[in-house]
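>>> just a sequence and a predicted model for now, questions to come.
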Amino acid sequence: MAPKLLLLGGTTEASLLAHALAERDVDAVFSYAGRVASPKAQPLPTRVGGFGGVAGLVQFLHEHNITHVVDATHPFAAQMSWNAFEACQKAGTELIALTRPAWRAQAGDQWTHVADIDGAVAALTGDPKRVLLALGKLNVPAFAAQPQHHYVLRLVDQPEVAPALPNHTVVVARGPFDVAGDRALMQEHGIELVVCKNAGGVGAEAKLTAARELGVPVIMIDRPNLPPRPEVATVDAVLEWIAS
Ligand SMILES: NC(=O)c1ccc[n+]([C@@H]2O[C@H](COP(=O)([O-])OP(=O)(O)OC[C@H]3O[C@@H](n4cnc5c(N)ncnc54)[C@H](OP(=O)(O)O)[C@@H]3O)[C@@H](O)[C@H]2O)c1
């Protein structure tokens with residue numbers, strides 16, 4: 001039977017894979033959570049929105065005769081990854097994750113590792129600073145617990161409701177970013193501290209290089225616990241897996 005893929009996306013790597021699949025005429029559906037107002041168009045049939053938990057995803061796999069699921073979501077989309085793992089076990093569907101290695105601190109980096117968003121908020125206790133929050137909009141409200149800082153929020157969309165942070169600036173921008181741009185952003189806003197997730201990959205790494213060059217410390221949120229699925233790191237490896 002010819003494979004039929006479900007590609008769980010929302011990352012640069014997922015978009016690269018979508019192009020490779022389309023070029024090879026692989027039968028595949030691309031899935032977005034629907035978090036951003038205008039998601040990047042994909043060269044595959046695309047659906048948007050949650051499946052309705054594990055049960056909803058099992059139903060989707062059956063209804064669409066999906067033979068293979070590629071989880072190419074962001075490493076912090078842990079709920080989706082666990083749902084995909086459980087649903088594929090239940091439905092007997094093949095699953096692989098297209099992941100990217102976590103970033104590692106290099107000489108000159110000043111990283112403080114924290115376990116999660118709450119850890120990042122706790123690490124911000126102290127005197128007011130100008131802080132670049134390189135996090136998604138859903139993570140922003142937690143920082144109201146440290147209202148003394150001026151936050152620069154880099155978001156994909158202009159928020160419909162102003163973030164509940166007394167001092168903030170919104171910068172609307174969508175990755176991938178480059179070092180020159182991120183250095184200029186940090187200098188323009190006088191950034192003294194960066195808060196980010198250890199996403200890995202190339203699309204969001206520039207801020208770390210810029211922070212290193214400018215001597216700006218980083219609060220690095222370490223990765224969440226992800227399911228024990230097979231993982232590969234390249235588009236070619238996914239293509240080989242489908243063909244095997
Ligand atoms: N978390 C981040 O920092 C981050 C950063 C960049 C991009 N993203 C992308 O943004 C999306 C949402 O991330 P999240 O952290 O909010 O996810 P999450 O917390 O793991 O997932 C929450 C729920 O959103 C739905 N969902 C997530 N990804 C989906 C997808 N690709 N297709 C269909 N439904 C999806 C699922 O709903 P149901 O239970 O109803 O199926 C899931 O249970 C993901 O596609 C991820 O790749 C996330």
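Thanks, I have the structure now. Note that the structure is a prediction, hence the values are computed from the model and not measured.

>>> show me which residues of this structure sit near the ligand.
Contact residues (C-beta under 6 Å from any ligand atom) of the chain with the ligand: 8-11, 31-33, 35, 50-53, 56-57, 73-74, 76-80, 83, 136, 197. Placement of C-beta: from N, CA and C, glycine included.

>>> what about these, which are in helices?
Secondary structure from DSSP state H places 53, 56-57, 78-80, 83 of the residues of the chain next to the ligand in helices.

>>> can I get these in CSV including pLDDT, distance to Val161 and neighbour count?
Converted to CSV, these look like this (pLDDT from 0 to 100; distance: C-beta to C-beta, whole Å; neighbours: other C-beta atoms under 10 Å):
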residue, pLDDT, distance to Val161, neighbour count
Gly53, 98, 27, 12
Gly56, 98, 28, 13
Leu57, 98, 30, 26
Ala78, 97, 26, 15
Gln79, 98, 23, 13
Met80, 98, 25, 19
Asn83, 98, 28, 23
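
>>> ok, which pair from those residues is furthest apart?
Gly56 and Ala78 (17.6 Å; C-beta to C-beta).

>>> from Tyr32, how far out is the residue positioned nearest the centre of the chain?
By C-alpha atoms, centre = their mean, the mean C-alpha position of the chain lies nearest to His74, the distance being 3.4 Å. Noted for His74: a distance of 12 Å to Tyr32, by C-beta to C-beta, to the nearest Å.

>>> CA atoms only for stretch 6-23 - export them in CSV, please.
Only the C-alpha atoms of stretch 6-23 are listed here, as CSV (Å, rounded to 0.1, in the frame of the first residue of the first chain):
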residue,chain,number,x,y,z
LEU,A,6,0.4,13.1,8.4
LEU,A,7,3.0,15.8,9.0
LEU,A,8,2.6,17.7,12.3
GLY,A,9,4.2,21.0,11.6
GLY,A,10,4.8,24.5,12.9
THR,A,11,8.6,24.6,12.5
THR,A,12,11.1,25.5,9.8
GLU,A,13,12.1,21.8,9.6
ALA,A,14,8.5,20.8,9.0
SER,A,15,8.3,23.3,6.1
LEU,A,16,11.5,21.9,4.6
LEU,A,17,10.1,18.4,4.8
ALA,A,18,6.8,19.5,3.2
HIS,A,19,8.7,20.8,0.2
ALA,A,20,10.6,17.5,-0.2
LEU,A,21,7.4,15.5,0.1
ALA,A,22,5.6,17.6,-2.5
GLU,A,23,8.6,17.4,-4.9
